[in-house]
Structures are given as C-alpha cells and as structure tokens.
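Asker: test case, fold it:
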Amino acid sequence: MSQTIPFLDPPASLSLGELRRIIDEAGIEFSLTSPFGFLLCPGEPVAAAGTPSGRVQRASSQPLDRPALIASLRVLAKPDARVRLSVLAPGAQPALLNVFAADGRAAYAFFDTEAFHVSRSMPMSELTRILAAQVAAGGPSQHRPASYLDFHLKLLGLLWPGSSVAIKRPIASHVAVSVLSRLGLERGNAARCLQSLAAAGCIIESGDAISLHPSAKYWMSLLWSGYCLEVERKILRNGGLRAFSRLSSRLVFLGPPGNRCLCHGTSAARVFAEAGALGDPDLAPLRNRYFISFERLESPSTLALLNRFFRYVTDAPPAAPPFRRGADQAAGPANSDSREPKVPPAAPHPPEFCRKCGAPTRGRKYCGKCGSPVATEAIARELTPPPMAPTCGACGAPTHGKKFCRRCGQAV
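Answerer: Predicted structure coming up:
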C-alpha cells in the first residue's frame, strides 16, 4: 500500500523490470492472491494491481541481499493469509499496510508510482511480538473493563467533543439539553437522554451540571484520543480471487502506544440471550443496539490474544478447505474460541459534522461550508432514547402490560 508502518523495518525497492527478472530467474510461481499477481495479466500496468489513489508517500529503502529478497518473494508468491495493519495518529497521515504470510513466515509489499517495495521475511512469532509491544499497556491499571451502549457513546461524543468542551470539565444541564435540542431532539427526549446516561453510569449529575463518570472519563479519553491501531486478518489459502470475498476478522486498539485498550462490540441481542432476558419486552427497543467494550491489556495477555488471533495464519495448510465460500475463517468448525473479539460494523459519519463535506455543523440547519442541509430529522431519530417501559405508580416496578403490579398488587 502507500506507506510503511513506523514500527516495522523499511523495505527494499525494486523496479518492475527487476521484479520480473528476479521472479523468472528464481523460478518463483505465484498466484492471483499474491501482491504481484498482476504480472499474470499481460499488459496490465502497475496501477491496476491495487495501488491506492491519491498522493503517495515514498518509502525509505534498505539494502536486502538476493537470498533474503528471494525468501521474501517466495512468501509473497502464494500467501496463506493477509494481515492488514492500519495506524491512525493525530496530525499524521493514516498508514495502511498489507502483510502476507505463508509457511509460518511474513513479509509485506506495496506499490507506489516509482517502485515495488518488499520487506524482509520474518517468522510470524516475531511479527506477533512486535505488535504486542505496540499494543500492550504499560503497567497495571485501576480501571476495570467496561461496556457501553453505542447509543450512549454517540451522546457522550456530542456533549463533549461535539460541543468542544474539555473532557475534564462539567457541562451545565440546560446547556447539554440545548446541545441535543439543536440536533432535532425534543427537549423532553433530550432530558431523557441525560437520565439514560446517568442510569448507565456514564455521567454523574451534580446539582445543575453533569460530568463524566471517572471510569467513563478514562475510556472516553482513549476513544477520543485520535490514536488507533487495527489488525485485520483474512485467510487466502485454498482459493483464488474468490478468497478476497471472504469476511475478515479484526482487533481494534484505541489510545496512544503504551496506553492502548482493546475495543470490541457485541450485539445487545446476544448479551440479552446469554442473560436469559431476550424475551423481556422492556428490553425490546435495545435489541438492535451494540454494546461497545473497552479492556486494558498488559503484556502477557496481549501476546496470548495475538497468538490466538493468528493461529489460523501460522497453522500448516489443511488437507481440505475448511472455509465456506464467503464465510469468515473464524466461523469454521475449527474455531470454538468464543472469547475472540468481534467488532461491529463501522459507525456512520458523526452527526455533528456535515455528511457531505465533513465540516462542523455547529447545530445549524445548513452546512456553513458547502450549504448542504443537515439531516436533523434523521439525527433525531438516531438519538431518540428507546421508549421507557411503563412502571407501577406506587412502587416503580415494571408492569409488563399487566393490570395489577406483580410486586405490590396495586392496580396499574
């Protein structure tokens, strides 16, 4: 792809002619899933092989002797899997890199407008240790793992980053209601949103102001830091170009190096089913939501997580294809580890920004940059809290549609 990842060694650079000559001289056979599989298509330019559009950054080059280069090309020729690394940091260009693995070794390669870049090959265990060093949090933490509804995370993002309020500062309750009202919420629903956040332990109400709960403040600081490291795996063995249609599995780590946390999501319906509450009518409005979980990992647990995540990458090729067409490798019969994190689909564009050009809308009906109307009605529908279950007027217990309260017996 377009850039190298800063914590990996810089690659060696080859012209297209050099690449063809070395492959031919070494007798390397390669597949369409190889990063240089475009050579199987006569007359195709390098750009057709997947070079990203836009301005491309030239990578640093390192000397790589011929035996090491051929070893890397053999790994890249018929890869068993692809590991995609994505790195985000404030003020820096996003970095994206495809690492290919075969026979327990890994190497990465990418194109730019000038050359084909190839890294040295390394054991997958070495790549795992490098990633673990980037992911593991330094030292123990007093913060326990926490889970929040995606609905609550959107609200917190609107109340603090969306209104340019520092995470340490409280917000006056009437100001918070006004912020939500400008997005199309009725004031009654906006007040209910604050009540929902308080009931979930996201905020603390003190007098006429709200502030983030200390635990939520820590996790939100990582979520809103702008730092992200995503590791995605896709199994390519036992398939040609169809292998690229298989679903992939991801690990997402938020926060700066040395203070990252694992972030993953689980559907609310699954959580309710495991708790035996899926049939509870009071929870019905939340079934289509996600719980987003945050967990801080230290070095041993990080290494164990990555080893578990890469076990299909490092296994020897099986005799028969274990993957169904279009299915993720994690869904195969060999994967019975339910602890593997699952990440929900990417969240939509934040509603406090124009969905056409990305400029801040500041609660306006029309974008101040491109003039597009702001979809306040859609935003309001997204942020409107689920309807509250009817409760008994005497004791406050849920009535579940009954004429008499099951707890105190009073008529509803």
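Asker: show me where the protein has its strands.
Answerer: 12-14, 81-88, 95-102, 105-111, 116-118, 122-123, 146-149, 171-172, 203-206, 209-212, 228-235, 249-254, 261-267, 290-296 (DSSP state E).
Asker: most tightly surrounded among these?
Answerer: Across the strands of the chain, averaging neighbours per residue (mean count of other C-beta atoms under 10 Å) puts strand 105-111 on top, at a mean of 25. Using the backbone N, CA and C atoms, a C-beta is placed for each residue, glycine as well.
Asker: who does that strand pair with, and is each partner parallel or antiparallel?
Answerer: strand 95-102 (antiparallel), strand 116-118 (antiparallel), strand 122-123 (antiparallel) (DSSP bridges).
Asker: need these in TSV with distance to L194, can you?
Answerer: Converted to TSV, these look like this (distance: least, C-beta to C-beta, whole Å):
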stretch	distance to L194
strand 95-102	39
strand 116-118	52
strand 122-123	51
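Asker: so where is the stretch 101-250 of the chain shaky, pLDDT-wise?
Answerer: Along the stretch 101-250 of the chain, the model assigns pLDDT under 70 to residues 239.
Asker: hmm, try it at 90
Answerer: Counting by pLDDT under 90, the stretch 101-250 of the chain contains low-confidence residues at 110-117, 134-143, 151, 162-164, 181-188, 207, 235-248.
Asker: show me how the protein divides into domains.
Answerer: The chain breaks down by automatic domain parsing into domains covering 12-123, 161-223, 348-412.
Asker: hang on, the earlier thing: out of the strands paired with strand 105-111, nearest to Y218?
Answerer: Closest approach to Y218 among the strands paired with strand 105-111 is made by strand 95-102 (26.3 Å; C-beta to C-beta).
Asker: what angle do the closest one and strand 228-235 make?
Answerer: 30 degrees (axes from the mean of the first three to the mean of the last three C-alpha atoms, to 10 degrees).
Asker: mind listing residues that contact strand 95-102?
Answerer: The contact list for strand 95-102, computed with C-beta atoms under 8 Å, 6 or more residues apart in numbering, reads 1-6, 8, 34-35, 52, 74-87, 106-110, 124, 127, 236, 313-314.
Asker: these two touch, right, E205 and A198?
Answerer: Yes - under the criterion of C-beta atoms under 8 Å, E205 makes contact with A198 at 5.3 Å.
Asker: may I have the residues that are in contact with L278?
Answerer: By C-beta under 8 Å, 6+ apart, the contact list for L278 reads 269, 272, 287.
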